[in-house]
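> Sequence plus predicted model, see below.
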Amino acid sequence: MGHIYADITCLGPNGKQAGLRLLVDTGASYTWLPRRLLESLGVTPTRTMSFDVGDNRSIRRRVGELVVGISGFRATTVVVFAGKNDANVIGQNALLGLALEVDPRRERLRPAAKMLFYPAMAVA
């Protein structure tokens with residue numbers, strides 16, 4: 001399977017928006033976007049988190065929330081304020097919020113056929 005890219009629209013709380021073409025990374029929990037872009041859109045960091053990255057390092061980055069749109073669908077998602085050398089990707093949290101999934105045969109995103117729901121079991 002090759003790389004899958006998607007056109008994403010970022011809608012900031014200050015009313016500004018930006019369009020990007022990003023790699024879909026099903027191994028990333030969150031969407032990583034350039035710090036300067038998020039700041040220009042008025043995204044406010046809500047906390048700082050640690051992340052394990054592919055080269056066995058642990059890094060700390062600020063995170064916030066942003067409305068993203070792909071293929072006419074919109075959702076609020078967690079975004080990471082990516083550093084200068086960090087990859088910019090669309091992660092699983094955004095895909096789940098948008099109810100989109102990877103179509104590996106056609107190498108694109110598609111609306112999810114079903115979403116999972118496992119209700120909590122009562123504890124006796």
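In hand now; what should we look at? Numbers count the residues shown, from 1 in each chain.

> what ranges do the helices span in this protein?
Listed in chain order, the helices found in the chain under DSSP state H are 35-40, 92-98.

> and of the ones you listed, who's closest to residue 3?
helix 92-98 (15.1 Å; CB to CB). C-beta: built from backbone N, CA, C; applies to glycine.

> For that closest one, buried residues please.
Judged by neighbour count (16 or more other CB atoms under 10 Å), helix 92-98 contains these buried residues: 92-95, 97-98.

> Next, give phi and psi for residue 118.
For residue 118, the backbone dihedrals (degrees, to the nearest 10) come out as phi -120, psi 100.

> Now for it, how many residues are close by?
5 (other CB atoms under 10 Å).

> Report the two of the buried residues of helix 92-98 separated the most.
Spatial extent of the buried residues of helix 92-98 (CB to CB) is set by the pair 92 and 98 at 10.7 Å.

> Can you check which strand is longest in the chain?
In the chain, taking DSSP state E as the definition, the longest strand is strand 58-70.

> strands paired with that one, and their directions?
Its sheet considered, strand 58-70 pairs with strand 5-11 (antiparallel), strand 47-52 (antiparallel), strand 73-82 (antiparallel) by DSSP bridges.

> want to try CSV for those strands, with mean neighbour count as columns?
Compiled in CSV, the strands paired with strand 58-70 are given as follows (neighbours: other CB atoms under 10 Å):
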stretch, mean neighbour count
strand 5-11, 17
strand 47-52, 11
strand 73-82, 19
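
> list the contacts for the most centrally placed residue in the chain?
Taking CA atoms, centre = their mean, the centroid of the chain lies closest to residue 31, which sits 2.6 Å from it. Applying CB atoms under 8 Å, 6 or more residues apart in numbering, one finds that residue 31 lies in contact with 22, 66, 68, 77-80, 89-91, 93-94.

> so which of the residues you listed comes closest to residue 42?
Closest approach between the contacts of residue 31 and residue 42, by CB to CB: residue 66, at 9.4 Å.
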